[in-house]
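Student: Structure of the sequence below:
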Amino acid sequence: MSSYSGAAAYKRGAGAYARVGVESGVMSASPHQLIVMLFDGALASMRAARIHMQSGNVAEKGKAISKALDIVNNGLMAALDEEKGGEVASRLASLYDYISRLLLAANLHSDEKSLDQAEALLEDVASAWREIGSQAGRE
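Tutor: Residues are numbered from 1 along each chain as shown. Predicted coordinates for the structure are as follows:
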């Protein structure tokens, strides 16, 4: 076995192990924890996009931003229930839409300021969401 094929096999095995860990976490998570996981995933993708943007790796920057967009649009936005959530859900939908537009601008123009703004806004919502969870756990 060459060192390349050994490294590739290791990478596949490590990836499968990580997926099992994530799947186990998802299966045992509460609805609140699932939203926290979505925030964490989107924010991690934004941080990865920044690293790729700064190093000039356009393809990987695009992949990372696409992943963040997917999480915001198909995870966080889709989880909103405007019927039960009322005005708060409606405002969050508007905020997620704005964050998506910032991410698109960041990708299109390699604009780190747009990426920074999107990350800061999402981190604000994520920290508030985490605080709700910690307070609910104390009651």
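
Student: CA atoms for contacts and neighbours, from now on please.
Tutor: Will do.

Student: For the residue most central in space within the chain, which non-adjacent residue is closest in space?
Tutor: Geometric centre of the chain, nearest residue: Ala42, 1.0 Å, by C-alpha atoms, centre = their mean. In this structure, Ala42 finds its nearest non-sequential neighbour in Ala68, 4.5 Å apart by C-alpha to C-alpha, 6 or more residues apart in numbering.

Student: wait, Glu123 sits on Leu43?
Tutor: Yes - Glu123 lies in contact with Leu43 (C-alpha atoms under 8 Å); the separation is 7.3 Å.

Student: The two - which one has more neighbours?
Tutor: Leu43 (21 against 16; other C-alpha atoms under 10 Å).

Student: quick one: the more buried one and Gln117 touch, right?
Tutor: No - using C-alpha under 8 Å, Leu43 is not in contact with Gln117, being 11.8 Å away.

Student: Run through this protein and note the low-pLDDT ranges.
Tutor: Within the chain, the segments meeting pLDDT under 70 span 1-28, 136-139.

Student: Off-centre distance for stretch 79-88?
Tutor: Distance of stretch 79-88 from its chain centroid, counting by C-alpha atoms, centre = their mean, to the nearest Å, is 20 Å.

Student: Show the contacting residues for the residue nearest to the centre of the chain.
Tutor: By C-alpha atoms under 8 Å, 6 or more residues apart in numbering, the contact list for Ala42 reads Lys67, Ala68, Leu69, Ile71, Val72.

Student: Which member of those residues is positioned nearest Ser30?
Tutor: The nearest member of the contacts of Ala42 to Ser30, counting by C-alpha to C-alpha, is Ile71 at 17.8 Å.

Student: Tell me how many other residues surround the closest one.
Tutor: 22.

Student: Please name the spatially closest residue to it (chain neighbours excluded).
Tutor: Ala42 (5.9 Å).

Student: number of nearby residues for Ser100?
Tutor: 21.
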